[in-house]
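A.B. asks: Sequence and predicted model, in that order:
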Amino acid sequence: GFVVGHAGLYQALAMFAVAYFIIGMTVLSVCAIATNGALDAGGAYYMISRALGPEFGGSIGIMFFLANVCGSALYVLGLVEAVVDSFGIPPGQEAGSGVHILPQSYWYELLYGTVLLALCLLVCLVGASIYAKATFLIFLIVAAVLGTILVSFFATRPLKVPIRLPDVNGTETDNGFFTGFSLDTLRDNLGGRYEVDYTTGQMMSFSSVFAVMFNGCTGIMAGSNMSGDLKRPSYSIPRGTISAVLFTYLVYNLLAFLMCATCNRILLQKDYGFLRDISIFPPLVTVGIYAATLSAAMSNLIGASRILYALARDDLFGRALALAKKTSASGNPVMAVILSWLVVQVVLFSGKLNTIASVVTIFFLLVYATVNLACLALEWASAPNFRPTFRYFTWHTCLLGIAGCCVMMFLISPVAASASLGFLLLLLLALHYLSPSSTWGYISQALIFHQVRKYLLMLDVRKDHVKFWRPQMLLMVQNPRGSARLIDFVNDLKKSGLYVLGHVELQDLDMLPSDPLQPQQDSWLSLVDKLNVKAFVSLTLAPSVRHGVRQLLFTSGLGGMRPNTLVLGFYDDEAPQDGLARHPAFTSAREEVPLGFPPLRAPTTPKLLSAREYVGIVADALKMLRNVLLARQLESLDKAWELRRAASPPPTIHVWPVNLLRPDSARYADTCSLFLLQMACVLNMARAWRRARLRLFLCVEAGTMPHAQEEKLRQLLKDLRIQAQIQLVPWDAITHLHWQTCQGPSGGPAEEEEEEGVVNFPTNTTQVSDEYVCAANKLVLEQSPAPAVRFLYLPRPPADTSLYPLYLHQLELLTRGLGPTVLVHGVSAVTSTQL
């Protein structure tokens with residue numbers, strides 16, 4: 001009557017259609033989730049938390065608890081209004097007469113509400129079985145009352161209904177009319193005519209009437225809230241919920257039509273209890289109103305208690321809800337019931353039903369939107385284990401349900417809807433950072449997998465272009481304890497590219513009962529988290545380190561995301577140091593280094609690979625057209641100190657884009673030199689290294705035109721958009737040493753190291769002496785001030801494998817005492833001067 005009196009028949013039917021459209025879409029989602037596995041206590045909370053994870057589940061659980069609490073208070077207040085309307089002393093009279101014996105005031109009505117709520121509490125404390133019996137009895141009563149009302153519309157003759165309303169001057173009297181079936185009455189009630197609500201004194205509108213009406217449709221979760229108490233929830237919830245939705249929709253529409261055709265507007269707007277006046281048996285209508293509101297109040301109270309119990313049992317809020325875990329001997333969560341009752345009692349202070357109707361509606365709409373979101377996420381994730389027996393839903397129905405809920409929330413009250421979403425966001429953030437991890441599974445992981453797979457298939461390596469090249473690193477780590485700073489440094493070098501930490505375990509799977517790498521995986525992933533690097537972990541078993549690195553180079557990555565650059569620590573005789581224990585990630589947080597990593601190798605213990613095998617790994621990577629970086633003394637790089645020191649000038653990065661072991665063939669614009677420049681620039685672009693300055697060294701000889709060379713190099717840097725300071729370095733002294741010792745195998749000059757498009761391995765280590773290499777090392781070392789890190793050109797290994805130890809020896813001499821140094825050899829074009 002309230003709805004059609006203010007909104008008229010057309011708008012009332014539209015409200016029912018919108019409300020039941022939202023509810024229908026949500027019911028389909030509820031049924032899908034409810035039939036996809038065993039349900040436990042908590043209903044919608046249980047469904048959402050197990051589908052979307054603890055953050056969403058916990059925050060929506062609190063919102064749904066509040067919705068049920070406010071809903072219970074709303075129905076208690078509605079029952080109080082009905083009781084006062086029947087038995088209250090009329091306004092303006094000192095004492096009642098006949099049945100009108102109850103005083104009317106805010107405090108008296110609060111007292112009546114408290115007594116009625118205590119009755120609901122008693123039923124809920126006894127347990128779900130007595131509640132189920134009570135609700136079935138109430139259902140029979142309400143069905144009987146509904147039958148008599150429908151008969152009354154046809155059997156009752158036209159009559160005048162006197163209406164007394166409170167006014168500023170005392171009592172205002174008006175008359176409503178039950179006209180029987182009348183075309184004029186129907187026409188008069190077709191359109192909307194919003195007036196002031198006589199219970200609250202507020203002007204009604206479409207949104208405020210819809211907010212009150214929607215609370216008559218929120219019982220769809222009553223069955224799912226008791227999922228823990230049902231014998232077969234997956235069977236009962238879909239059938240019971242769908243039946244209830246269809247039944248109530250038909251009843252509401254039928255009643256709306258009958259009221260509009262028989263009751264005038266004054267009766268509908270000024271007397272919400274008019275059905276009692278026109279009934280063939282008025283007391284039965286009163287009983288029906290009491291029964292319906294009492295049932296709804298109990299349903300919401302027991303639903304709130306089950307949600308609170310489920311939240312407490314899942315330990316999402318720690319000790320805050322520990323009390324709600326306590327149950328009776330029969331399993332009834334009595335403390336959760338009592339806590340819910342206390343919160344409902346607080347809400348009763350709001351005083352009037354229509355005052356809290358919009359808040360309750362928005363809470364319910366938010367929960368329904370999230371139920372639809374949970375089902376949508378499960379459907380979009382395409383997980384094989386999501387196969388509900390209820391199939392009458394699609395992602396379209398979920399999306400429509402979400403859209404309907406969100407639109408109606410903001411139509412009802414933009415302020416309350418925004419506040420509810422803000423509160424939900426705060427709960428989400430709090431649970432994300434404070435709640436313990438769960439074993440329920442995270443839908444976000446399934447959705448991420450689904451999207452990543454789709455985009456990886458779209459990432460076509462045939463469409464790669466040098467303009468969009470980025471480094472994709474495979475860093476080989478023997479023991480993270482000795483490589484913490486190197487791991488951190490390579491993380492700065494990756495420039496949003498792929499970063500893989502590779503490790504080779506020297507064992508034979510044929511001789512083992514199970515895979516030894518699986519137990520190590522967690523330690524490596526924990527290390528990645530603690531060091532805060534964006535890296536994947538790839539572990540392999542192999543008979544030798546070289547075979548293991550080959551495996552990883554061939555198999556690491558997926559589709560268009562594969563490592564294009566191999567990074568190795570340097571092979572020398574220095575004793576490894578435990579940099580992990582001194583790393584800020586562990587020293588500042590006072591956390592232990594993750595278990596699972598063995599102690600570092602003692603200086604006297606033989607290495608796991610030989611010098612020949614180490615150089616062989618470099619040669620293998622170059623054959624596979626992978627770029628190679630050899631990092632020496634990176635564990636001595638204190639990045640925090642280097643980059644945050646206040647002293648001027650800022651830290652520098654020294655770049656030597658010339659092959660110091662082959663000065664006769666050095667070119668600044670070959671592929672390797674340009675790759676070296678690119679890597680130094682990429683490091684400088686990293687956020688932590690932006691304060692640093694690039695310094696590029698141009699080696700010149702007497703008799704040449706150094707300024708012309710400098711200008712040419714400066715133009716190259718300008719074309720490549722690389723900002724660097726160029727420093728000329730005379731190296732006549734060391735080139736003189738070179739020409740004294742540099743003779744090819746036939747006594748003539750050695751062949752060129754690289755020709756365009758040709759991969760060859762000249763025996764360049766036979767052409768320079770240790771004296772020359774030491775002089776080159778001294779030249780690099782003399783350039784002051786000392787840089788934070790140096791980038792040097794890495795020559796190709798010789799074709800003759802017997803010369804591998806000599807090649808490595810000369811690299812060691814070249815980089816000895818230089819501090820943090822990266823030797824770089826590039827085989828791919830990585831720079832572009834085009835837009």
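C.D. replies: That came in fine, so what should we check first? Residues are numbered from 1 along each chain as shown.
A.B. asks: Quick check: beta-bridge partners of L698?
C.D. replies: Beta bridges link L698 to L728, judged by DSSP bridges.
A.B. asks: Was I right to think it contacts V729?
C.D. replies: Yes. L698 is in contact with V729 according to Cβ atoms under 8 Å; the separation is 6.7 Å. All C-beta spots, glycine's among them, are computed from the backbone N, C-alpha and C.
A.B. asks: Helices of the stretch 501-650 of the chain, start to end?
C.D. replies: Applying DSSP state H, counting those that start in this stretch to the stretch 501-650 of the chain gives helices spanning 518-531, 545-555, 584-587, 611-623, 639-644.
A.B. asks: That should have said the stretch 201-350 of the chain, apologies.
C.D. replies: Going by DSSP H, counting those that start in this stretch, the stretch 201-350 of the chain shows helices at 206-214, 222-225, 233-262, 265-270, 274-278, 282-313, 334-347.
A.B. asks: Give the other helices and strands that the fourth one contacts.
C.D. replies: With contacts defined as 3 or more Cβ pairs under 8 Å, 6 or more residues apart in numbering; DSSP states H and E, the secondary structure elements packing on helix 265-270 are helix 2-34, strand 159-167, strand 170-178.
A.B. asks: picking that back up, adding mean neighbour count and mean pLDDT, write the helices of the stretch 501-650 of the chain out as JSON lines.
C.D. replies: Shown next, in JSON lines, are the helices of the stretch 501-650 of the chain (neighbours: other Cβ atoms under 10 Å; pLDDT from 0 to 100):
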{"stretch": "helix 518-531", "mean neighbour count": "16", "mean pLDDT": "87"}
{"stretch": "helix 545-555", "mean neighbour count": "19", "mean pLDDT": "94"}
{"stretch": "helix 584-587", "mean neighbour count": "14", "mean pLDDT": "68"}
{"stretch": "helix 611-623", "mean neighbour count": "20", "mean pLDDT": "94"}
{"stretch": "helix 639-644", "mean neighbour count": "14", "mean pLDDT": "67"}
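A.B. asks: Out of the helices of the stretch 201-350 of the chain, which is closest to R470?
C.D. replies: helix 282-313 (45.2 Å; Cβ to Cβ).
A.B. asks: How about the contacts made by F390?
C.D. replies: Residues in contact with F390 (Cβ atoms under 8 Å, 6 or more residues apart in numbering) are L28, C31, A32, A34, T35, P238.
A.B. asks: so which of the residues you listed comes closest to K270?
C.D. replies: Distances from K270 to these, taken by Cβ to Cβ, are shortest for L28, at 39.5 Å.
A.B. asks: Can you give me the pLDDT of the closest residue to that closest one other than its chain neighbours?
C.D. replies: Distance criterion Cβ to Cβ, 6 or more residues apart in numbering; nearest residue to L28, sequence neighbours excluded, is F393 at 4.0 Å. pLDDT recorded at F393 is 86.
A.B. asks: Identify the residues contacting F393.
C.D. replies: Contacts of F393 by Cβ under 8 Å, 6+ apart are L28, S29, C31, A32, C375, E379.
A.B. asks: Am I right that it is in a strand?
C.D. replies: No. Assigned with DSSP: H, G, I helix; E, B strand; the rest coil, F393 falls outside any strand and is coil.
A.B. asks: if we can go back for a sec, want to throw the helices and strands packed on helix 265-270 into TSV with distance to L348?
C.D. replies: Formatted as TSV, the helices and strands packed on helix 265-270 follow (distance: least, Cβ to Cβ, whole Å):
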stretch	distance to L348
helix 2-34	21
strand 159-167	22
strand 170-178	27
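A.B. asks: would you turn the ones you listed into JSON lines with mean neighbour count and distance to D800?
C.D. replies: Formatted as JSON lines, the helices and strands packed on helix 265-270 follow (neighbours: other Cβ atoms under 10 Å; distance: least, Cβ to Cβ, whole Å):
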{"stretch": "helix 2-34", "mean neighbour count": "23", "distance to D800": "68"}
{"stretch": "strand 159-167", "mean neighbour count": "14", "distance to D800": "108"}
{"stretch": "strand 170-178", "mean neighbour count": "15", "distance to D800": "110"}
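A.B. asks: Now tabulate these in a markdown table and tack on mean pLDDT.
C.D. replies: Below are the helices and strands packed on helix 265-270 laid out as a markdown table (pLDDT from 0 to 100):
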| stretch | mean pLDDT |
| --- | --- |
| helix 2-34 | 90 |
| strand 159-167 | 76 |
| strand 170-178 | 76 |
